[in-house]
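A.B. asks: missing the sequence, but the structure's below:
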């Protein structure tokens, strides 16, 4: 049968947040880019086909990073003694300005894309900078490396340094040009509407972005309720709108099932209800929420209440691109939140957080992040032989890889059925 | 001049918690095992000596891990959905029991010692298990690898599984045998008295251990106020003693300037005053405090109030041996604590936490963890060239290494002036 691929190994994935599906020495049959099925023993019809035998290695879905800032790649791990607003002003904006130079973009973005790949991120949602030409570089680079992505040119036309302040019409023109050029250019890398956040966007630009979103049927990403002083700022800028999230919604930027809001650390009940009603995806970013002293988002509660939730590395507020490191910190913080709530409810389990980093975030892209039938075959082959000599269950081996493994354990990578490493 | 060694490179260390000393393209002159001095330009008297030129690399003090459980090495990264007591019962005790077999110990301890070295830990304070023979293996292995260490055979004679419950007299005999055999056997690896924690130690064993501590002039380590249910347990076991820490003190186990207590998450004012009075070292273990849902120790406040504080990986409650990872989490949690305190006081800065991981913990060993005159020359050579293309200050480069570097960046290691890698 044409386009068929059979992989054998220790298969582990989630269908729902609360349990793992495991197949010891199991089979995944892939047809073209998609999973046809997973099997404990290989069905008769596939018996004459060649098997790629990964032996004792783990086969898991690729990771999904719902929120990261591409031009902040070089800034990972510096400036982390500041909070959000001074950090933006002292480190972030200064670095982003360099992306007016496309040569600089070529260098940084190619290292970023490779680093994402090496860390097993097979789908990523990226902020670019305000710069149209460097954003094109980012599209081209991500395409070359072979990872799925949504990429958004940032829009901002107020409350930022002059050197990054856009002319509103020009910002919209550039956005439309990118949307037209890149909506169909590459199979795996697509544009997304990206107002930086409410404080840096005029009503006019938000209105226009809402219109473009509808007209071109696009997805949207931005930041929401990350930090208390930011929330105060928004309420001063929009005194007649009842809440931060409502401002996005008012301008048509909470497109149902198609919007990512990073953080939501301090979203109140009304805001959470709005997020739920619109099917907004919350990108939980524990790295930056701690590094920038923002706070701990009640992510387990959000997840349990039926919100769409995924994880984000949020470089460079978060310092670490690796989604396994993001998973560990998400669990650790959820435990601290659970203590803060006097042990009411529960904290994130390993299957919870693995779900968030695969199918949870993946569902923003479509059928991604699981090995159920018709899911895109995005997969990592994990050689964990250096991590222990114990005789562990597959779940324990996966937990061990998440906690103490790193990029060296990710030996092969598939995206849409194609081996990219 | 005999025994002299001169190293050139980008030198960075702390004398106090609040600032770094940096020497760009500076010199460290080492005589035998100790630092003679650091210089911006090389003094005339040393000009004819050979220079080991590390060029653009960083030269920093080796890391000090004040608290780790050697026999839990294999358990790193599993079982982390439990709290302290069930985690001990389900995972930890079962693994520790295997160390009745010295062949098992040889295998695990040699991997542990190498992993410590590769991660740049040059001084470590270890719990062994209850097993005398395997504890000897640990002494011998650590000596071979060349790291400084205190190693303690665990004493426990109650409230633990039968297979790990010691006969009180035998436990004391074994301890004395180890103290006699290993106090002078190796230059860098020494015994330390190690009651597991109050709940697993009878009054009799604690009394005897206090006597041995005094008689042989030894150091002491144990656990303190890690978890609320543990504290309740101790107060039930010792209803007439006013507080957990007071129990150790009553038995002579808070030896001034010579005792480490891991955790101290919930130490109250009286306990903190006692720790201060006795110069007890607090081993802050953010990894296990989050993984086991213990809580966030007020470490910045402890440090500022003049307590002796250092960091511990606390494997396998903590999953990560790397002290850079421990540093990052310590800072992140101190930020969450600062928010919890409504932003009163401050959180750990990069120099604060670097101090904790070097000189702070190092002062338990002696003059260790800095490059001041007469400090032991324990040092790491850091090649950070893959971490960024930005033009950064030495402090920023160090911060970047701490946040996004790993063992691959540690290219050479010195302990007491000898190159061990």
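C.D. replies: Ah, there it is. Predicted, not measured: the structure shown is a model, and the values here were computed from it.
A.B. asks: only C-alpha atoms for contact and neighbour calcs from this point on.
C.D. replies: OK.
A.B. asks: got a list of what the nearest residue to residue A:419 once chain neighbours are set aside touches?
C.D. replies: Counting by Cα to Cα, 6 or more residues apart in numbering or on different chains, residue A:413 is the residue found nearest to residue A:419 once chain neighbours are left out, at 5.7 Å. Counting by Cα atoms under 8 Å, 6 or more residues apart in numbering or on different chains, residue A:413 touches A:62, A:120, A:378-381, A:419-421.
A.B. asks: starting at the chain centroid, how far to the worst-scoring helix or strand of chain A on mean pLDDT?
C.D. replies: Least confident helix or strand, chain A: helix A:84-87 with a mean of 80, by mean pLDDT, DSSP states H and E. Put simply, helix A:84-87 sits 22 Å off its chain's centre (Cα atoms, centre = their mean, to the nearest Å).
A.B. asks: can you give me the strands in the stretch 101-250 of chain A?
C.D. replies: Counting by DSSP state E, counting those that start in this stretch, the stretch 101-250 of chain A has strands at residues A:121-127, A:148-152, A:154-155, A:189-191, A:194-195, A:220-224.
A.B. asks: Tell me how many other residues surround the residue in the stretch 1-150 of chain A that chain B sits nearest to.
C.D. replies: Residue of the stretch 1-150 of chain A nearest chain B, by Cα to the nearest Cα: residue A:77 (4.4 Å). Residue A:77 is flanked by 27 other residues according to other Cα atoms under 10 Å in any protein chain shown.
A.B. asks: wait, it sits on residue A:316?
C.D. replies: Yes - here residue A:77 lies in contact with residue A:316, judged by Cα atoms under 8 Å, at a distance of 7.2 Å.
A.B. asks: Could you give the bridge partners of residue A:419?
C.D. replies: Note on residue A:419: beta-bridge partners residue A:414, judged by DSSP bridges.
A.B. asks: Let's see the pLDDT reported for it.
C.D. replies: Per-residue confidence at residue A:419 stands at 97 (pLDDT).
A.B. asks: is it true that it touches residue A:381?
C.D. replies: No - using Cα under 8 Å, residue A:419 is not in contact with residue A:381; the gap is 10.5 Å.
A.B. asks: ok, those two, which is more surrounded?
C.D. replies: residue A:381 (23 against 13).
A.B. asks: what about the more buried one, helix or strand, and which?
C.D. replies: Take DSSP states H and E as the rule and residue A:381 turns out to sit in strand A:379-382.
A.B. asks: And the average pLDDT for that strand is what?
C.D. replies: On average, strand A:379-382 scores 98.
A.B. asks: and if you look at stretch A:55-68?
C.D. replies: 98.
A.B. asks: Buried residues, it. List them.
C.D. replies: A:56-68 (16 or more other Cα atoms under 10 Å in any protein chain shown).
A.B. asks: again, but for stretch A:86-97
C.D. replies: A:87-88, A:91-93, A:95-97.
A.B. asks: ok, now stretch A:394-414?
C.D. replies: Applying 16+ other Cα under 10 Å to stretch A:394-414 flags A:394-406, A:409-410, A:412-414 as buried.
A.B. asks: if we can go back for a sec, output the buried residues of stretch A:55-68 in a markdown table; the columns should cover secondary structure and distance to residue B:14.
C.D. replies: Shown next, in a markdown table, are these (DSSP: H, G, I helix; E, B strand; the rest coil; distance: Cα to Cα, whole Å):
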| residue | secondary structure | distance to residue B:14 |
| --- | --- | --- |
| A:56 | strand | 46 |
| A:57 | strand | 44 |
| A:58 | strand | 43 |
| A:59 | strand | 45 |
| A:60 | strand | 44 |
| A:61 | strand | 44 |
| A:62 | coil | 42 |
| A:63 | strand | 39 |
| A:64 | strand | 39 |
| A:65 | strand | 37 |
| A:66 | strand | 38 |
| A:67 | strand | 36 |
| A:68 | strand | 34 |
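A.B. asks: Same list (the residues you listed) but as CSV, adding distance to chain B.
C.D. replies: Below are the buried residues of stretch A:55-68 laid out as CSV (distance: Cα to the nearest Cα, whole Å):
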residue, distance to chain B
A:56, 19
A:57, 18
A:58, 16
A:59, 19
A:60, 18
A:61, 20
A:62, 20
A:63, 19
A:64, 20
A:65, 18
A:66, 20
A:67, 18
A:68, 16
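A.B. asks: Export the residues you listed as a markdown table, with columns for distance to residue A:252.
C.D. replies: Below are those laid out as a markdown table (distance: Cα to Cα, whole Å):
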| residue | distance to residue A:252 |
| --- | --- |
| A:56 | 49 |
| A:57 | 46 |
| A:58 | 43 |
| A:59 | 40 |
| A:60 | 37 |
| A:61 | 33 |
| A:62 | 32 |
| A:63 | 29 |
| A:64 | 26 |
| A:65 | 24 |
| A:66 | 21 |
| A:67 | 21 |
| A:68 | 23 |
